[in-house]
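S.K.: Return atomic coordinates for the entry below.
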Amino acid sequence: IPRPAPRNNKKQPLISAEAEQYFALLGQRENWQNVLQTKAADARHRVLNEVEPDFAQPDQRKARDSIGPYMGWLGKREVPPNKVFVTRLENIAGCPWRALLTSRLRLEPIADPILDLPSNNALMLGNVVHDAMERLTQNGSVVRRPKPKAIRDALATSALKVALQEEIRLDGMINALTAQAEPFLQKAIDLEWPNSDSILNVVGCEVTEQTHVSWDGFEFDLHFRADRVDRDEGDGEGDGDADRECVIYTDYKTSKPKSISTAKGDATRREHHLNKVRSGSKLQGAAYACSKSGAVGRYLFLNLPDDAGLDQAEFLVSSNDEEFSTTFSQTSAALYQSLLLGVAPPRMEILGKKKDNSVCGYCDVSDACLLKDSGNRRRLVEGIGKLADRRSRNLKKESESSDCEAPLTEAELNLTDLWYLSEGHKPWQDGEEQS
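M.R.: Next up, the predicted model:
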């Protein structure tokens with residue numbers, strides 16, 4: 001890299017590769033681009049100006065007031081995505097940028113053989129419980145409470161299967177995984193079969209189906225997978241038909257329960273879950289309920305104290321609940337449209353709370369994010385705020401029949417919808433009502 005000047009004060013000539021390095025490290029960006037004079041250099045120059053703008057240059061100061069392509073603008077897809085599952089929409093709601101990197105680009109962190117030692121994690125624990133419950137309920141339509149030996153055999157087989165899938169072959173770790181999963185499996189059995197005479201009318205396990213979503217003229221099919229499907233000869237969830245069957249889709253939850261399961265009043269629990277559907281973090285149960293008339297979506301929380309009963313461990317969503325159905329359709333449509341329009345901003349903070357998104361704490365692709373770049377982070381948040389303000393002003397001016405500012409593009413509208421998902425009242429809704 002540049003060699004020291006000789007005593008006669010004349011610079012020693014540099015070979016071409018050294019000249020490129022010189023301008024790259026010490027020269028101005030324009031000089032570096034002119035020296036290389038290639039399409040690749042021009043592309044890298046534009047990338048550099050976007051990722052690290054030089055605010056000393058007047059033409060680059062405008063970047064502060066705009067949202068750049070590396071903040072989640074991908075462009076509209078030419079071909080719609082094939083067979084989108086509800087869990088993918090939940091991942092997008094958590095962080096669209098993380099979902100893009102992991103689901104679409106398939107990025108993975110580089111494994112370190114020294115630091116990344118084999119270990120049992122929460123995902124493996126959940127998989128063991130799910131697999132064991134499937135083994136205990138798949139042998140017939142009418143399933144009675146399993147015997148202790150059948151429970152032990154199913155648990156041991158499932159733990160071995162999951163461990164081998166994760167390339168763990170140490171007997172001690174497999175035994176530890178079995179011991180960790182045992183109380184969760186026992187809790188599920190005690191809840192599903194309270195006594196020896198209890199039965200389940202099981203239709204199937206690990207069933208894949210779909211629900212049709214329609215919102216504001218936009219329609220699509222959304223797929224889901226239920227851990228177990230039961231048939232209940234009930235009253236049709238209060239629809240007046242006493243002989244009507246209802247189908248119950250169950251989703252086991254081994255993660256630490258949040259306010260959905262710990263709140264005591266039914267109204268409070270319902271409101272908490274409705275907020276999670278609105279934010280997109282819990283769409284599975286509502287997708288079950290919306291799949292067909294008479295369907296019921298059911299969460300069964302297993303990470304609860306021993307004395308917790310079914311009333312606290314279970315949460316139901318009925319197909320007759322119009323508020324859940326409307327909220328689910330609106331949220332799912334916004335998330336699905338983000339896939340079509342290529343809108344995937346990094347959700348680095350919780351709206352209104354000015355704190356990091358909880359997803360950032362366990363994100364394994366955070367090195368490819370703007371989380372630690374305070375300048376671009378502020379640029380993104382302020383840019384979306386300006387779009388929301390312009391959307392509000394335009395709607396207000398429409399209601400007053402006055403001239404509007406430049407309308408938001410389809411992608412910009414979706415970006416604001418995506419960013420304000422969790423807000424019950426969007427900033428621009430007052431203008432919509434007036435309009």
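
S.K.: So the most centrally placed residue in the chain: helix, strand or coil?
M.R.: Computing the C-alpha centroid of the chain and ranking residues by CA atoms, centre = their mean puts residue 91 first, at 1.3 Å. Under DSSP: H, G, I helix; E, B strand; the rest coil, the three-state class of residue 91 is helix.

S.K.: isn't it right up against residue 101?
M.R.: No. With contacts counted by CB atoms under 8 Å, residue 91 stays clear of residue 101, the gap being 10.7 Å. (C-beta placed from N, C-alpha, C; glycine too.)

S.K.: can you map out the helices along the stretch 151-300 of the chain?
M.R.: 171-192, 259-262, 266-279, 284-290 (DSSP state H, counting those that start in this stretch).

S.K.: weakest of those in terms of mean pLDDT?
M.R.: Among the helices of the stretch 151-300 of the chain, helix 259-262 carries the lowest mean pLDDT, at a mean of 58.

S.K.: Could I get the full set of helices for the stretch 301-435 of the chain?
M.R.: Going by DSSP H, counting those that start in this stretch, the stretch 301-435 of the chain shows helices at 310-313, 322-341, 374-399, 410-419, 429-434.

S.K.: where does the residue lying closest to residue 216 once chain neighbours are set aside land on pLDDT?
M.R.: Counting by CB to CB, 6 or more residues apart in numbering, residue 216 lies nearest to residue 333, which is 7.0 Å off, once chain neighbours are set aside. Predicted confidence (pLDDT) for residue 333: 95.

S.K.: Output the helices of the stretch 151-300 of the chain as CSV; include the columns distance to residue 142.
M.R.: Output for the helices of the stretch 151-300 of the chain, formatted as CSV (distance: least, CB to CB, whole Å):
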stretch, distance to residue 142
helix 171-192, 13
helix 259-262, 28
helix 266-279, 30
helix 284-290, 22
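
S.K.: now, of the ones you listed, which is deepest in the fold?
M.R.: helix 284-290 (a mean of 26; mean count of other CB atoms under 10 Å).

S.K.: could you measure the residue nearest to residue 313 when sequence neighbours are not counted against residue 252, distance?
M.R.: In this structure, residue 313 finds its nearest non-sequential neighbour in residue 301, 4.9 Å apart by CB to CB, 6+ apart. Relative to residue 252, residue 301 is positioned 8 Å away (CB to CB, to the nearest Å).

S.K.: Then residue 381?
M.R.: 37 Å.

S.K.: With residue 57 instead?
M.R.: 56 Å.

S.K.: Neighbour count: those two, which is higher?
M.R.: residue 252 (19 against 13; other CB atoms under 10 Å).

S.K.: could you list every residue that touches that one?
M.R.: By CB atoms under 8 Å, 6 or more residues apart in numbering, the contact list for residue 252 reads 126, 129-130, 133, 188, 227-228, 300, 302.

S.K.: Of these, which pair is most distant in space?
M.R.: 126 and 228 (14.4 Å; CB to CB).

S.K.: Just want to know which of the two has more residues nearby.
M.R.: Between residue 126 and residue 228, residue 228 has the larger neighbour count (other CB under 10 Å), namely 25 against 19.

S.K.: pretty sure the more buried one contacts residue 188?
M.R.: No. Residue 228 lies out of contact with residue 188 (CB under 8 Å); the separation is 10.2 Å.

S.K.: Mutual contacts of these two, please.
M.R.: 133, 252.

S.K.: mind checking how far stretch 360-369 is from the chain centre?
M.R.: When distances are taken as CA atoms, centre = their mean, to the nearest Å, stretch 360-369 is centred 13 Å away from the chain's centroid.

S.K.: What's the end-to-end length of that stretch?
M.R.: 10 Å (CA to CA, to the nearest Å).

S.K.: likewise stretch 74-85?
M.R.: 21 Å.

S.K.: contact partners of that stretch?
M.R.: Contacts of stretch 74-85 (CB under 8 Å, 6+ apart): 100, 220, 222-225, 336, 339-344, 411.

S.K.: Equivalent analysis for stretch 407-420, please.
M.R.: 67, 72-73, 76, 96, 334-335, 337-338, 341-343, 345, 347, 351, 384, 387-388, 390-391, 394, 426-428.

S.K.: Could you pull out the buried residues of that stretch?
M.R.: Within stretch 407-420, the residues that count as buried by 16 or more other CB atoms under 10 Å are 408, 411-420.
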